[in-house]
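Participant: quick one, fold the following:
(one chain, ligands or ions: 2)
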Amino acid sequence: MSKVDDNALVCTILPTFNESGNITDLIERLMASVSPPYLVLVIDDDSPDGTWKIVADMAAKAPYSPEETEIKSGIALVRRLQEKGLTSAIQRGIDEAIQTYNAQIITWMDCDLSMPPEDVPKLVEAIRQGGADVAVGSRWIDGGTDVAHGLMARVLSWIINNFAMLLLGRKVHDYTSGFIAARAEVLEKIRLKGDYGEYCIDLLCRAGRLNYQMKEVPYVCVPRTSGESKTGINLWDYLSKGRKYVSTIVALWLNRNS
Ligand SMILES: Nc1nc2c(ncn2[C@@H]2O[C@H](COP(=O)(O)OP(=O)(O)OP(=O)(O)O)[C@@H](O)[C@H]2O)c(=O)[nH]1
Ligand SMILES: [Mg+2]
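Facilitator: Ligands and ions are numbered 1, 2, ... in the order given. The predicted structure is shown next:
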């Protein structure tokens with residue numbers, strides 16, 4: 001694929017639900033880390049804790065207009081009143097980033113500060129300099145780890161990722177990462193599928209099968225700074241999410257030749 005233009009817009013999508021304790025710090029740290037032109041695009045599902053209001057105030061002070069010729073960074077908000085869900089929020093962000101803002105590199109991450117915002121430039125560089133089409137923040141390669149979760153969650157993640165590697169291939173070691181950067185062209189070809197984290201398994205598997213260049217960048221997953229996990233913390237919460245991950249892996253494996 002052709003080299004990404006140095007002045008091409010990079011957009012980070014932040015899907016939020018009740019992240020009022022994290023969002024200001026996250027956006028400030030992102031804006032300090034990624035060089036312009038850069039857009040932070042928050043997709044909030046009308047969070048009862050008023051996350052959207054905090055972002056609206058920040059966006060008013062740092063607006064971003066696709067028409068402007070000046071190279072700068074900015075913040076934009078989509079507040080969804082009717083729809084809910086992580087995957088559809090990220091997909092909405094992707095559609096806005098491409099169609100409204102003409103972003104060439106799109107990244108996204110959790111907004112609980114478990115994924116270091118300072119690592120976003122490393123994902124972007126993997127595309128700009130490293131020639132990757134998709135860059136994956138990975139806990140399960142050298143230099144990466146997970147100090148956020150307890151033993152049970154780490155063991156379940158290990159099982160799911162090893163099952164995914166066994167059936168879908170070893171181009172990626174963290175199929176459930178959720179810390180991603182990709183060229184817009186890849187995301188124009190592949191739309192996200194699923195409700196929650198299984199979209200990531202599906203995206204990475206399909207990108208690999210389309211022979212897009214994948215590159216993993218290690219990162220250290222740290223504990224959520226404020227607020228509550230949407231996955232939950234007990235075995236039942238993990239098993240109900242894990243069930244969807246396993247069925248996604250099996251379905252992709254069964255459809256490997258189609
Ligand atoms: N817009 C939107 N964002 C969501 C929704 N559900 C979760 N999120 C966001 O998705 C990201 C992941 O949620 P987390 O609470 O960190 O859950 P998780 O990463 O699966 O679980 P942990 O490993 O415990 O952190 C966070 O930024 C959430 O605010 C939703 O329905 N809509
Ligand atoms: Mg999280």
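Participant: do you know how far Leu9 is from Gly242?
Facilitator: 36 Å (C-beta to C-beta, to the nearest Å). Every residue, glycine included, has its C-beta placed from N, CA and C.
Participant: and Tyr38, by the same measure?
Facilitator: From Tyr38 over to Gly242 (counting by C-beta to C-beta), the distance is 35 Å.
Participant: more neighbours, these two?
Facilitator: The neighbour comparison of Tyr38 against Gly242 (other C-beta atoms under 10 Å) goes to Tyr38, with 25 against 20.
Participant: which non-adjacent residue is nearest that one?
Facilitator: By the measure of C-beta to C-beta, 6 or more residues apart in numbering, the closest residue to Tyr38 outside its immediate chain neighbours is Ser73, 4.1 Å from it.
Participant: against Ile13, how distant is that neighbour?
Facilitator: 15 Å.
Participant: check Lys3 too.
Facilitator: Counting by C-beta to C-beta, the gap from Lys3 to Ile13 is 23 Å.
Participant: also Ile90?
Facilitator: The value you get for Ile90 to Ile13, if C-beta to C-beta is used, is 6 Å.
Participant: returning to what we had before: which of Lys3 and Ile13 has more neighbours?
Facilitator: The neighbour comparison of Lys3 against Ile13 (other C-beta under 10 Å) goes to Ile13, with 24 against 10.
Participant: show me the beta-bridge partners of the more buried one.
Facilitator: Beta-bridge partners for Ile13, by DSSP bridges, are Leu41, Trp108.
Participant: just checking, it touches Ile43?
Facilitator: Yes: Ile13 lies in contact with Ile43 (C-beta atoms under 8 Å); the separation is 6.4 Å.
Participant: can you check which residues contact both of these two?
Facilitator: In the contact map built from C-beta atoms under 8 Å, 6 or more residues apart in numbering, the residues linked to both Ile13 and Ile43 are Ile90, Gly93.
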